[in-house]
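Enquirer: The following block contains a protein sequence and its predicted model.
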Amino acid sequence: MKELRLVVQKFDPFSDAAPRLVEYAVPRREGMTVLDALLYARDYVDHSIGLRFSCRQASCGSCGMKINGRPRLACYTQVDELGAEKVVAQPLDNFAIIKDLVTDLGSFFQRHREVTPRLVRDDAQEQDHPTGEYLMKPEELSRVLQFTYCIKCGLCTSSCPTVATDERFPGPQALAQAYRYTADVRDQGGAERMAELDGTHGIWRCHFAGSCSYVCPKGVDPALGIQLLKRHVMSGRPPHSKDDATKVWKPAEKQQ
Amino acid sequence: MKESRLMLLQYSTAVLAVVLVAIHLVMQGIATPYSTAISYATILSIYRTWFYAIFLEALLVVVLVHGFNGVRIILHEWRQTAPWSRWVDLGTVVAIVATVAFGSRTVILAVFGGVAG
Amino acid sequence: MSSGAEGKAKNRRGLSGWLNPYHYNFERWAYVFQRVTGVAILAYVIGHLGDTSFFVGGPTGTGPSESSWTFISGLVENSFGHLILILVVLVVIFHGANGIRLIVSELGLILGRPSPIEYPYRPKSLRSVQRVLIWVAIALALVGTGWAVLILFGGSI
C-alpha cells in the first residue's frame, strides 16, 4: 500500500514557544480526504493532534484549514486532487490558534452579527409577529440565493489580504452577508446596514483581490456580493426602497 | 467624512490621472522628440502657454491627491490604533498641502517669475 | 478561558498577506502589483517635484533659470536616469490600466449577476474578463515600455 506523508503544524499556545511541523506516515487509499488522513493519524499515530470537524460533508464549516498553502475544508479535499505526495495541514491564517489545527472563530462570528444578518422590517410588531408570508419571485430569490449558502467556515476571511492586517475590517464573509440581506426584497434595513459599512474600516477596504471567491467551497462568491454592494453604498441608495420591499401576503383562507 | 465620498474622490482622480498622465507621456516622448521636450526653451514656452500651465497644475494636484489618499488607505489597513488613525488622516492632509504647495510654486515661478541667466 | 485567552497566538498573516500572493488566484497578483506600483509611483512623483523645481532655480530659486536646469539635466539625463524613467513608464501604465479595471469592477459593472450555482462552479467575480483585462494592462505596459526604450535608448536623441 502506498504511504502518504502527512505533515501537521502542531502548536499549543499554553506550552509551546513556536509552531512546529510534524510528519506522519498514513496509508493512502483512493478517495481518501485530508480529513480521513488526519483522523487516521490522530487515531493510530498521535492522539494529541488538535482537530475540529463534524459533518464530514462540507455542510458544517468546522474543518477549515490551510492544506498545502491554501485554505480548504479538510473533508471536502481529496488527497488525490492535490496532486502532491506530501500533504501539509496548517491552521487557517488570520484566526487565533487554540491548538494545532483548531482556530478561534469567535471574533469572526461577531463580525457576522455586526452586519445585522437578518431581515429587518420597519414595523417591529410585524417583525416579531408576522401576519402572513413574505413571498419572493424566483428572480428575486436568485439575486441572493448563492450568498445564503455560506456555512461560515472562515476560508474567505483567512484568504483576505486586508484581514491579514486590519483588525477592524468586517471581512468577506460578513460583507457578503450584508449584501445578501440588503438585496433581499423582504428587507427594509438596507440603508442603515450600508451606512454602518461606510466607515474607514468598512466595505471600501476591500480591493477586489478575489481570493475569498477563489477559496470558497460553497460557491458563495463573496467578492461578487461585496462589489455589488459597493455601488449601492457609493450612491447611498439600497437595491430597493423601503416602500418596494415585499408586503405581507395573506392567504385568502386566513383573512378575517 | 463618509469613506464613500473619499473613494469617489479616489476614483475620479484616478480617471483624471489616467487621461492627464497619458497626455503628459505623449507630450514628453511622442509629440516632440525627447531631447526637444526636455530642453529649457521648450519647457519655458510650455509653461508660458496658459493651457499647458493649467494642465501641469491639474496633473500635479490630481496625482498627489490620488497618491497620498492611496497611502492613507494602505496605512489605515496596516494599523488600527486610535492615535495611528488620527495621525494618518492628519498626515495625509499635511502631505497633500505641502507637496501641492511646493509643486505649485514651481509652476507659478515658471509662469510669472523673471527669467534668470 | 481565563489566562488562556492571552496565550493564544494571533496568527494574522500581516504584511505577507499583502505582498505574497503565492497559492492564490491570478487577480491576487494584480492586487499586489497595484499596491506596490502605487507606492513606487508616488515616490517617483515626489522626486520629480524635486528635479522639476530646478527649472526655476531649485527650492530657493525665483524664476526660470537655464543654468540650474542644465545642472539638474546633467544629473538625471543619463543611462541610469533613463532606466528609472523606463521603469516608471512600465508601472504607471500598468497601474492606470489595471486601476480602470478595478474601478469598473468595484462598481459592479463587469461582474455579472448572482445566479443559482451549477457545479463544477467557477465564481462569476473571477470569470475570464478579469484575467483578460489584467493581460491587457500588462500588454499596454510592455508596449509603452518598448516605446520608452526606443525613445531613450534608440540613439535618436
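Expert: Cool, got the structure.
Enquirer: what kind of secondary structure is the nearest residue to B:Gly114 once chain neighbours are set aside in?
Expert: Closest residue to B:Gly114 apart from its sequence neighbours, by C-beta to C-beta, 6 or more residues apart in numbering or on different chains: C:Gly63 at 4.5 Å. To be clear about C-beta, it is placed using only N, CA and C from the backbone, and glycine gets the same treatment. Three-state secondary structure (criterion: DSSP: H, G, I helix; E, B strand; the rest coil) places C:Gly63 in coil.
Enquirer: burial of the residue in chain A that chain C sits nearest to, as a residue count?
Expert: Nearest residue of chain A to chain C, counting by C-beta to the nearest C-beta: A:Ala164, 2.5 Å away. In terms of burial, A:Ala164 registers 22 neighbours under the definition other C-beta atoms under 10 Å in any protein chain shown.
Enquirer: Now do the SS call for it.
Expert: The three-state label given to A:Ala164 by three-state DSSP is coil.
Enquirer: give the contact list for the most centrally placed residue in chain C.
Expert: The centroid of chain C falls nearest to C:Thr37 when counting by C-alpha atoms, centre = their mean (2.6 Å). Neighbouring residues of C:Thr37 by C-beta atoms under 8 Å, 6 or more residues apart in numbering or on different chains: C:91-92, C:94-95.
Enquirer: Could you look up the SS state of it?
Expert: Going by three-state DSSP, the state assigned to C:Thr37 is helix.
Enquirer: Tell me where the model's unsure across the chain.
Expert: Let's take chain A. Across chain A, the stretches falling below the confidence threshold (pLDDT under 70) are A:1, A:251-256.
Enquirer: oops, I was thinking of chain B
Expert: Applying pLDDT under 70 to the predicted model, the residue ranges of chain B that meet it are B:116-117.
Enquirer: circling back: let's have the contacts of C:Thr37 in a markdown table, adding secondary structure, distance to chain A and neighbour count.
Expert: What follows is those, written out as a markdown table (DSSP: H, G, I helix; E, B strand; the rest coil; distance: C-beta to the nearest C-beta, whole Å; neighbours: other C-beta atoms under 10 Å in any protein chain shown):
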| residue | secondary structure | distance to chain A | neighbour count |
| --- | --- | --- | --- |
| C:Val91 | helix | 17 | 19 |
| C:Val92 | helix | 19 | 24 |
| C:Phe94 | helix | 15 | 24 |
| C:His95 | helix | 13 | 25 |
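Enquirer: near chain B, which of those residues show up?
Expert: Residues shared between the contacts of C:Thr37 and the neighbourhood of chain B are C:Val92 [C-beta under 8 Å from any C-beta of the partner chain].
Enquirer: Pick the one among the contacts of C:Thr37 closest to A:Ala89.
Expert: Within those, distances to A:Ala89 taken as C-beta to C-beta reach their minimum at C:Phe94, with 36.6 Å.
Enquirer: Find me the pLDDT at the closest one, would you?
Expert: What the model reports for C:Phe94 is a pLDDT of 98.
Enquirer: wait, what's in contact with it?
Expert: With contacts defined as C-beta under 8 Å, 6+ apart, the neighbours of C:Phe94 are C:33, C:37, C:137-138, C:140-141.
Enquirer: tell me the two of the contacts of C:Thr37 that are most distant?
Expert: Checking the contacts of C:Thr37 against each other with C-beta to C-beta, the farthest-apart pair comes out as C:Val92 and C:Phe94, at 7.4 Å.
Enquirer: Work out the gap between stretch B:62-78 and the centre of the chain.
Expert: Between the centre of stretch B:62-78 and the centre of its chain there are 13 Å (C-alpha atoms, centre = their mean, to the nearest Å).
Enquirer: So which bits of that stretch are buried?
Expert: Within stretch B:62-78, the residues scored as buried using 16 or more other C-beta atoms under 10 Å in any protein chain shown are B:62-77.
Enquirer: Which one of those residues is nearest to chain A?
Expert: The closest of the buried residues of stretch B:62-78, once distances to chain A are taken by C-beta to the nearest C-beta, is B:Glu77, at 4.7 Å.
Enquirer: Mind giving me the packing neighbours of the helix or strand hosting the closest one?
Expert: When elements are defined using DSSP states H and E, B:Glu77 is found to belong to helix B:50-78. Helices and strands touching helix B:50-78, as assessed by 3 or more C-beta pairs under 8 Å, 6 or more residues apart in numbering or on different chains; DSSP states H and E, comprise helix B:3-26, helix B:40-47, helix B:82-112, helix C:26-53.
Enquirer: same thing but 10 Å
Expert: Counting contacts by 3 or more C-beta pairs under 10 Å, 6 or more residues apart in numbering or on different chains; DSSP states H and E, helix B:50-78 packs against helix B:3-26, helix B:40-47, helix B:82-112, helix C:15-19, helix C:26-53, helix C:79-106.
Enquirer: where does the residue nearest to the centre of chain C sit relative to A:Val115, distance-wise?
Expert: Using C-beta to C-beta, to the nearest Å, one obtains 32 Å as the distance from C:Thr37 to A:Val115.
Enquirer: Please apply the same query to C:Pro21.
Expert: Taken as C-beta to C-beta, the spacing of C:Pro21 relative to A:Val115 amounts to 27 Å.
Enquirer: Tell me which of those two has more neighbours.
Expert: Using other C-beta under 10 Å as the criterion, C:Pro21 and A:Val115 rank with A:Val115 on top: 23 against 19.
Enquirer: There's contact between the more buried one and A:Tyr179 in this structure, I believe.
Expert: Yes - between A:Val115 and A:Tyr179 there is a contact at 9.2 Å, judged by C-beta atoms under 10 Å.
Enquirer: Between these two, which contacts overlap?
Expert: A:193-194, A:197, A:203 (C-beta atoms under 10 Å, 6 or more residues apart in numbering or on different chains).
Enquirer: Determine the number of other residues adjacent to the closest residue to C:Gly96 other than its chain neighbours.
Expert: Take C:Gly96 and drop its neighbours on the chain: the residue closest to it by C-beta to C-beta, 6+ apart is B:Val18, 4.5 Å away. The burial metric for B:Val18, expressed as a neighbour count using other C-beta under 10 Å, is 19.
Enquirer: can you pull the contacts of B:Val18?
Expert: The neighbours of B:Val18, taking C-beta under 10 Å, 6+ apart as the test, are B:62, C:92-93, C:95-97, C:99-100, C:103.
Enquirer: tell me the contacts of the residue of chain B found nearest chain C?
Expert: Nearest to chain C in chain B, going by C-beta to the nearest C-beta, is B:Gly113, at a distance of 2.5 Å. The contact partners of B:Gly113, taken as C-beta under 10 Å, 6+ apart, are B:47, B:105-106, C:55-57, C:61-65.
Enquirer: how does it look with 6 Å?
Expert: The neighbourhood of B:Gly113, defined by C-beta atoms under 6 Å, 6 or more residues apart in numbering or on different chains, consists of C:56, C:62-63.
Enquirer: for stretch A:156-171, how far is the first residue from the last?
Expert: 8 Å (C-alpha to C-alpha, to the nearest Å).
Enquirer: repeat for stretch A:214-227
Expert: Across its full length, stretch A:214-227 reaches 15 Å end to end, with C-alpha to C-alpha as the criterion.
Enquirer: got it, and stretch A:136-151?
Expert: Counting by C-alpha to C-alpha, the terminal residues of stretch A:136-151 are separated by 23 Å.
Enquirer: now the strands for the stretch 51-200 of chain A?
Expert: With DSSP state E, counting those that start in this stretch as the criterion, the stretch 51-200 of chain A has strands at A:64-67, A:70-73, A:86-90, A:97-99, A:102-103.
Enquirer: B:Ala53 versus the residue of chain B closest to chain C, what's the distance?
Expert: Computed as C-beta to C-beta, the B:Gly113 to B:Ala53 distance reads 12 Å.
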